[in-house]
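Participant: Below are the sequence and a predicted model for it; my questions follow.
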Amino acid sequence: MSENPDLTNERASGTFETNAMAAVIYGSEKFAQRRREITEAISKIPEFQDSHPLVFMSREEKISEACRKLAVLSNYWNSLIDTSDEEEALHLYREVLGLEGHPLALHETMFIPSLIAQASDEQQEKWLGRAQRREIIGCYAQTEMGHGTNLRALETTATFDISTREFILNSPTITSLKWWPGALGKSANWSIVIANLIIKEHNYGPHPFMVQLRDEKSHEPLPGITVGDIGPKMAFNGADNGFLGFKNYRIPRENMLMRHSKVTSDGSYIKPPHAKIGYSSMVKVRSRMAMDQGLFLASALVIAVRYSAVRRQGYLEDKSREVKVLDYQTQQHRLFPSIARAYAFIFCGFETIRLYDQLLIDVQNGNTSGMADLHALTSGLKSVVTYQTGEGIEQARMACGGHGYSMASYISEIYGVAIGGCTYEGENMVMLLQLARYLVKSIEMIQNGKSRELGPMVAYLAENESEIDLNLGPNEYLKVFEYAARNQTWRATEKFQKLRNSGMSNEEAWNQASVELTRASRLHTRLYIMSTFINHVGSIVDQKVKGVLIDLLNVHVTYEVMDIGIYVQGLLSSNQMDLIRNQLYVSLETIRPNAVSLVDSFQISDMQLRSVLGRRDGNVYENLFKWAKSSPLNKTDVLPSVTQYLKPMMEKSKL
Ligand SMILES: CC/C=C\C/C=C\C/C=C\C/C=C\C/C=C\C/C=C\CCCCC(=O)SCCNC(=O)CCNC(=O)[C@H](O)C(C)(C)COP(=O)(O)OP(=O)(O)OC[C@H]1O[C@@H](n2cnc3c(N)ncnc32)[C@H](O)[C@@H]1OP(=O)(O)O
Ligand SMILES: Cc1cc2nc3c(=O)[nH]c(=O)nc-3n(C[C@H](O)[C@H](O)[C@H](O)COP(=O)(O)OP(=O)(O)OC[C@H]3O[C@@H](n4cnc5c(N)ncnc54)[C@H](O)[C@@H]3O)c2cc1C
């Protein structure tokens, strides 16, 4: 069937090449091209297609379907991608497995990275190759039923037995059961387990251990291990998140990951070079989250924008034909600022992934000085992008009206997966408060006359801006944001200090200032996102692409400043706010002809999108009908439930 002419016209009105934009989104022409080649190659392999729509499958069927595809994937892995390239691997996974989770997700995202960052050279020699070849499947078991956030309160113990030179693992209480780890339930046979290291009755706190859970031949749990699936979740139902308990389960001393902390055979403990070095796998995932969430948001927007260009409802001036709903200003206001955010998040993602890779090298060379900065940055960024992504996806769903609520749109699945990110890798409020600690310390440095020692990301806290040139360009908007973040950070810090100075304990003062502190963290992070977006656009060479991205940046900066209006009341007059509001409306109109091309540029395939509404060809209605007809409920005209219950009830009512 040919393309819906409404989409053809939209594509014709675009002022730039989508391949050129994809090269900017994905960091290079080479990688954008590789993505297309991988997608093309996969589309020719019938075994990678869903056996039937995932949304009609039970959880067991989803997991089985994911495993089937993983097995097929293992036959093609080396021929489809450069296996040393993480981004190619991730693209391949996304295309084939989609976003509902699968039994290798944690193996790739946390198990292997933990071995790389935490295992000694000898340990890597023993396990890393096996893991990379997928001879073993691993997971990352840290969270317990009773504690996820407060790692210092984890209860699982690994007690060193000097006589046998083994660690004895135990789960002393019901709340100490490991709870949540992806792939633990049914798939993984090994795990990195985070447990309290105990030597001669001294607790050295949580440390990582490499633990075999299941027999490598029979896949049965090993004696001393209780393991299973935790049941259905809001989303991620292609993954078997699990529980795990230990009863006097022994592992050799060599199974504690000993790149940084060490226990010698006589039971001596050697401290790591930085107390939080064992948290590096979490920082690794957090540093990826801006990119991953940007792509979740992008997926929802591809669906909503394409659908809005083929959905016609109501009239503007021309009463002879209904308009595309994308022409309504309210629809544009709902969707276009999110397009800008998706671009901004992806640009930030590239930056934080690069920063993590550099930090990993530095730490391996003994330099841990960058850890605090990256921890603070990624803590704030993961919190802001997950929250705003959730908001943007939900708006995209509503922008699709009734059909958005159907699983045919697939938006609810994207939403469920994306907002998991508000919780996993550190609950958002908790992570905002981690960044707040860093911001408060920065203010204290200024108060102590050490402004010159501030890092580049917080140097603005020491500046003083009270007037803004009304000839607003992106850099002036940045100044507005700096003003808001600086004011809020000072206000929150001063509130905390005042409470503390009034005699309150440090902890209670912190608690009573914490809402204000999280607000400071959000503003600081949004400032970072904006400045990364501005810098990125400044570096683009292709003039047509740059022109459209400047338009998109204008949507971003005006929308973001309007959104934080309450924090800039002391800086901007109501006339200035009106001016910005009008600039936003103008920028929505400016971006309108490029809306479809901007979402096409994400180059997310139909196979990955799984959305009837978001199809590239725009043939929504005929496929919606086809999709509904494929519902298992439509296999027969009369359901047994009707015969068994409703018919007798109706008959009885007739009497
Ligand atoms: C090749 C690859 C190919 C393919 C990949 C394949 C498939 C993937 C497919 C798709 C991917 C797509 C998308 C992703 C989708 C899905 C991913 C699926 C699931 C996600 C998995 C989620 C896994 C988890 O959730 S694991 C568990 C995570 N848990 C947490 O995050 C716990 C949160 N809590 C903490 O981190 C800590 O407890 C705390 C930081 C909050 C507090 O710690 P602690 O009490 O020890 O410290 P404090 O007293 O608060 O602070 C003391 C000082 O320490 C500083 N600090 C803390 N942390 C760090 C750190 N990390 N680095 C540096 N410094 C740190 C803190 O700042 C304090 O400093 P100060 O100076 O004293 O103020
Ligand atoms: C989809 C998914 C996948 C996961 N995968 C894994 C995995 O593979 N491996 C793994 O180990 N874990 C995994 N987890 C667990 C996850 O990391 C934790 O659930 C997460 O870190 C939050 O911890 P919690 O559940 O203890 O929340 P809680 O800390 O109990 O949060 C409850 C509330 O308390 C608040 N709160 C808690 N502490 C504070 C504080 N100090 N200050 C202010 N407010 C506070 C929070 O903000 C929140 O509002 C996964 C979770 C999900 C949802």
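Facilitator: All right, it came through fine. Ligands and ions are numbered 1, 2, ... in the order given.
Participant: Can you tell me the element Ile198 falls in?
Facilitator: Secondary-structure assignment from DSSP states H and E places Ile198 in strand 190-199.
Participant: which helices and strands sit right next to that strand?
Facilitator: helix 112-118, strand 138-141, strand 157-161, strand 166-170, strand 202-212 (3 or more C-beta pairs under 8 Å, 6 or more residues apart in numbering; DSSP states H and E). For glycine as for every other residue, the C-beta is placed from the backbone atoms N, C-alpha and C.
Participant: Can you say which of these is packed in most?
Facilitator: Ranked by average neighbour count under the criterion mean count of other C-beta atoms under 10 Å, the helices and strands packed on strand 190-199 are headed by strand 138-141 at a mean of 30.
Participant: That one and ligand 2, any residue contact?
Facilitator: Yes - residues of strand 138-141 contacting ligand 2 under C-beta under 6 Å from any ligand atom: Tyr140, Ala141.
Participant: Around ligand 1, pick out the residues from the stretch 1-150 of the chain.
Facilitator: Within the stretch 1-150 of the chain, the positions adjacent to ligand 1 are 86, 89-90, 93, 105, 108-109, 140, 142-143, 148-150 by C-beta under 6 Å from any ligand atom.
Participant: if you set the cut-off to 5 Å instead, what comes out?
Facilitator: Neighbours of ligand 1 within the stretch 1-150 of the chain, by C-beta under 5 Å from any ligand atom: Glu86, Ala89, Leu90, Tyr93, Ala105, Glu108, Thr109, Gln142.
Participant: Redo those residues as CSV? Include neighbour count and secondary structure.
Facilitator: Output for these, formatted as CSV (neighbours: other C-beta atoms under 10 Å; DSSP: H, G, I helix; E, B strand; the rest coil):
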residue, neighbour count, secondary structure
Glu86, 16, helix
Ala89, 17, helix
Leu90, 17, helix
Tyr93, 20, helix
Ala105, 21, helix
Glu108, 18, helix
Thr109, 21, helix
Gln142, 26, coil
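Participant: ranges for the strands of this protein?
Facilitator: 138-141, 157-161, 166-170, 178-179, 190-199, 202-212, 225-229, 242-246, 249-252, 262-263, 269-270 (DSSP state E).
Participant: can I get those in JSON lines with distance to Met407?
Facilitator: JSON lines is the format used below for the strands of the chain (distance: least, C-beta to C-beta, whole Å):
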{"stretch": "strand 138-141", "distance to Met407": "29"}
{"stretch": "strand 157-161", "distance to Met407": "44"}
{"stretch": "strand 166-170", "distance to Met407": "42"}
{"stretch": "strand 178-179", "distance to Met407": "28"}
{"stretch": "strand 190-199", "distance to Met407": "33"}
{"stretch": "strand 202-212", "distance to Met407": "38"}
{"stretch": "strand 225-229", "distance to Met407": "23"}
{"stretch": "strand 242-246", "distance to Met407": "26"}
{"stretch": "strand 249-252", "distance to Met407": "42"}
{"stretch": "strand 262-263", "distance to Met407": "51"}
{"stretch": "strand 269-270", "distance to Met407": "53"}
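Participant: what would those look like in CSV with distance to Ala298 and mean pLDDT?
Facilitator: What follows is the strands of the chain, written out as CSV (distance: least, C-beta to C-beta, whole Å; pLDDT from 0 to 100):
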stretch, distance to Ala298, mean pLDDT
strand 138-141, 27, 98
strand 157-161, 42, 98
strand 166-170, 42, 98
strand 178-179, 32, 98
strand 190-199, 31, 98
strand 202-212, 34, 98
strand 225-229, 31, 98
strand 242-246, 31, 98
strand 249-252, 43, 98
strand 262-263, 44, 98
strand 269-270, 46, 98
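Participant: Below-threshold pLDDT in this protein: ranges please.
Facilitator: 466, 470-471 (pLDDT under 70).
Participant: OK, contacts around the residue lying closest to Gly404 once chain neighbours are set aside?
Facilitator: With C-beta to C-beta, 6 or more residues apart in numbering as the criterion, Gly404 has its nearest non-adjacent residue at 4.3 Å, and that residue is Arg397. By C-beta atoms under 8 Å, 6 or more residues apart in numbering, the contact set of Arg397 is Ala300, Ala304, Gly404, Tyr405, Ser409, Ile411, Ser412, Tyr415.
Participant: Any figure for the gap between Glu108 and Tyr26?
Facilitator: Per C-beta to C-beta, to the nearest Å, Glu108 is found 19 Å from Tyr26.
Participant: May I see the buried residues of stretch 426-445?
Facilitator: Of the residues in stretch 426-445, 426, 428, 431-440, 442-443, 445 count as buried by neighbour count, 16 or more other C-beta atoms under 10 Å.
Participant: Okay, now stretch 249-267: how far is its last residue from its first?
Facilitator: 19 Å (C-alpha to C-alpha, to the nearest Å).
Participant: Can you name the residues of the chain sitting close to ligand 2?
Facilitator: Near ligand 2, when you scan the chain using C-beta under 5 Å from any ligand atom, you find 106, 140, 142-143, 148-149, 180-182, 236, 420, 423-424, 427, 429-430.
Participant: Next one: the residue in the stretch 501-650 of the chain that ligand 2 sits nearest to relative to ligand 1, how far apart?
Facilitator: Ligand 2 sits closest to Ser514 of the stretch 501-650 of the chain, with a gap of 6.4 Å, by C-beta to the nearest ligand atom. According to C-beta to the nearest ligand atom, to the nearest Å, Ser514 stands 13 Å off from ligand 1.
Participant: tell me, how many neighbours does Thr493 end up with?
Facilitator: 24 (other C-beta atoms under 10 Å).
Participant: Tell me which residue in the stretch 101-250 of the chain sits closest to ligand 1.
Facilitator: Relative to ligand 1, the nearest point of the stretch 101-250 of the chain is Glu108 (3.2 Å; C-beta to the nearest ligand atom).
Participant: Give me the spatial nearest neighbour of Leu588, chain neighbours excluded.
Facilitator: Gln332 (4.4 Å).
Participant: next one: stretch 613-620 to chain centre, how far?
Facilitator: Centre-to-centre, stretch 613-620 and its host chain are 26 Å apart (C-alpha atoms, centre = their mean, to the nearest Å).
Participant: From start to finish, how long is that stretch in a straight line?
Facilitator: One end of stretch 613-620 to the other measures 5 Å (C-alpha to C-alpha).
Participant: Next: stretch 241-253.
Facilitator: 28 Å.
Participant: Pull out the buried positions in it.
Facilitator: In stretch 241-253, counting by 16+ other C-beta under 10 Å, buried: Asn241, Gly242, Phe243, Leu244, Gly245, Phe246, Tyr249, Ile251, Arg253.
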